[in-house]
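[1] Whatever this is, show me its structure:
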Amino acid sequence: MKKAMLCIILLLAVYFTGGPWPVLAASETIHVTCWEGYADKAFIDAFKSIVKDKYKTDVEVKVTYATGQEDFYNAAKNGTADLISPPADTPKTPRFNCFNKNNMLLSPLDMNNIPNAKHMLPFFKADESLTYMDKQYGMPYNCGPYGLAYNTAVVKQPPASWNIFWDSQYTGKYTINNNFHKVNIWMTALVLGYKYADLFDIDKLDRNKIQPRLNELVKGAKSVWDGEANPDEFPQMSLATTWGFAVVKANQKGGSWKLANPKEGGTAWIDYWCITKAATGQKKKLCEEWINLHLSPTFQAAVVKQQGVSPVVNNVGDLVTPEEKVLFHVGNNDYFKTVAIWQVMSEKTEKAFGEMWEAAKKLREK
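    Below is the predicted model:
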């Protein structure tokens, strides 16, 4: 009797209020592990707005900043992130293998949910770093060099060669990377005359020839950095190696830094957005919306302006300045053919490089 009376009361309430009670919005939480700057407030706010309008869902985004490849792998393996932004070579690197058929750590993309991919430059469309069994497991987001940056207040002419780091007048006046130590070995090899085809295989490199020069490079550095160079150090520096991000930040703080184009060439990374096995159902679809938004003209222009690196699409247009277009190779498909894109290396090569780096750092400590 009481149940019947309650039903009548509810029906009368609906009748006299003119319709059904409002339905509470759905909610979702997206966990992201990425490099700092890849998920800033402006982007997250835009993403939330799209999800709210399109899916009637309130989404919370929780971001963890990575400092090395291990962070991406562990986030995928442990299911603590739905989205990760690793360098292209990481998922297939032997110690980080994300494509074990018995334990796939990444999810294939539904390209129907990423229409902005149609604007991707041919170079990046052709990259198969995250292709496995004819399925796409990630989407290029940006590309940048292990760059030679110089302080124009001190170094008046653009450095023509990586050799400048071995010039005694700059001893103690530069910073280099630590946790991606392979980039320093590649840089040293290029100075010694090795070609791109040699860089990724220790059997093509003379370890005894490279080690002494690497030792000099490390010992002469004022500092070594993990993740990203520290822009607060830049006023005391003449030179720096950088992904580009620190140059933007240093200049925002009043510096006058530029990137050089060494005659030996250089290496470059492609960072991808990948969806991990943790994201299923609607959450996976929301992650594809995240990737699609990152490929939009507005946020590909932000890659240039906020990160100091190159976008991967061809439709940024006038959202960047003519100077930025030239400096960051915006829409210049042919440029990316002139650098050595990071490649997956054998365990033997990875081990050798690690030993070489540790040997060089020990001399620095003396």
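
[2] only C-alpha atoms for contact and neighbour calcs from this point on.
    Fine.

[3] Can you verify F200 is assigned to a helix?
    No: per DSSP: H, G, I helix; E, B strand; the rest coil, F200 lies outside any helix segment and is coil.

[4] Near it, how many other residues are there?
    Look at F200: counted by other Cα atoms under 10 Å, it has 20 neighbours.

[5] which residues touch it?
    Q343, V344, M345, T349 (Cα atoms under 8 Å, 6 or more residues apart in numbering).

[6] Mind doing that once more with 7 Å?
    Q343, M345 (Cα atoms under 7 Å, 6 or more residues apart in numbering).

[7] Please tell me how far it sits from F99.
    Look at F200 and F99: by Cα to Cα, to the nearest Å, they are 21 Å apart.

[8] Next: G331.
    Taking Cα to Cα as the measure, G331 falls 31 Å from F99.

[9] tell me the domain boundaries of this structure?
    The chain breaks down into these domains under automatic domain parsing: 26-144+270-333, 147-265+344-365.

[10] Need the contact partners of stretch 84-98.
    Defining contact as Cα under 7 Å, 6+ apart, one finds that stretch 84-98 is touched by 32-35, 69, 72-73, 104-106, 129-130, 269-275, 342-345, 347.

[11] Now which of those residues would you call buried?
    By neighbour count, with 16 or more other Cα atoms under 10 Å, the contacts of stretch 84-98 hold 32-35, 69, 72-73, 105-106, 129-130, 269-275, 342-345 as buried.

[12] Which residue, neighbours along the chain excluded, lies closest to A250?
    The spatial neighbour of A250 that comes closest, neighbours along the chain excluded (Cα to Cα, 6 or more residues apart in numbering), is P231 at 4.9 Å.

[13] how far does stretch 317-332 sit from the chain's center?
    Mean C-alpha position of stretch 317-332 versus that of the full chain (Cα atoms, centre = their mean, to the nearest Å) differs by 19 Å.

[14] nope, stretch 158-169 is what I was after
    For stretch 158-169, the separation from the chain centroid amounts to 27 Å (computed by Cα atoms, centre = their mean).

[15] ok, back up a step: what about the contacts of stretch 84-98, which are in helices?
    When helices are assigned by DSSP state H, the members of the contacts of stretch 84-98 inside them are Q69, F72, Y73, E347.

[16] Let me have those in CSV, adding distance to N208 and pLDDT as columns.
    Rendered in CSV, the data for the ones in helices among the contacts of stretch 84-98 read as follows (distance: Cα to Cα, whole Å; pLDDT from 0 to 100):
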residue, distance to N208, pLDDT
Q69, 28, 92
F72, 33, 98
Y73, 32, 97
E347, 19, 95
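
[17] Tell me which two of the residues you listed sit farthest apart.
    When Cα to Cα is used, the two most widely separated members of those are F72 and E347, lying 18.8 Å apart.

[18] okay, which residue is most central for the chain?
    D271 (3.8 Å; Cα atoms, centre = their mean).

[19] Buried residues in stretch 235-254, which are they?
    Along stretch 235-254, the positions that meet the burial threshold by neighbour count (16+ other Cα under 10 Å) are 235, 237-251.

[20] Ok, stretch 358-366 next?
    Residues of stretch 358-366 classed as buried by neighbour count (16+ other Cα under 10 Å): A360, K361.

[21] got any ranges where the stretch 1-150 of the chain has weak pLDDT?
    1-25 (pLDDT under 70).

[22] That one: helices as residue ranges?
    Taking DSSP state H, counting those that start in this stretch as the criterion, the stretch 1-150 of the chain contains helices spanning 2-16, 41-55, 69-78, 122-125.

[23] For stretch 326-333, what is the distance to the chain centroid?
    Going by Cα atoms, centre = their mean, the spacing between the C-alpha centre of stretch 326-333 and its chain's C-alpha centre is 18 Å.
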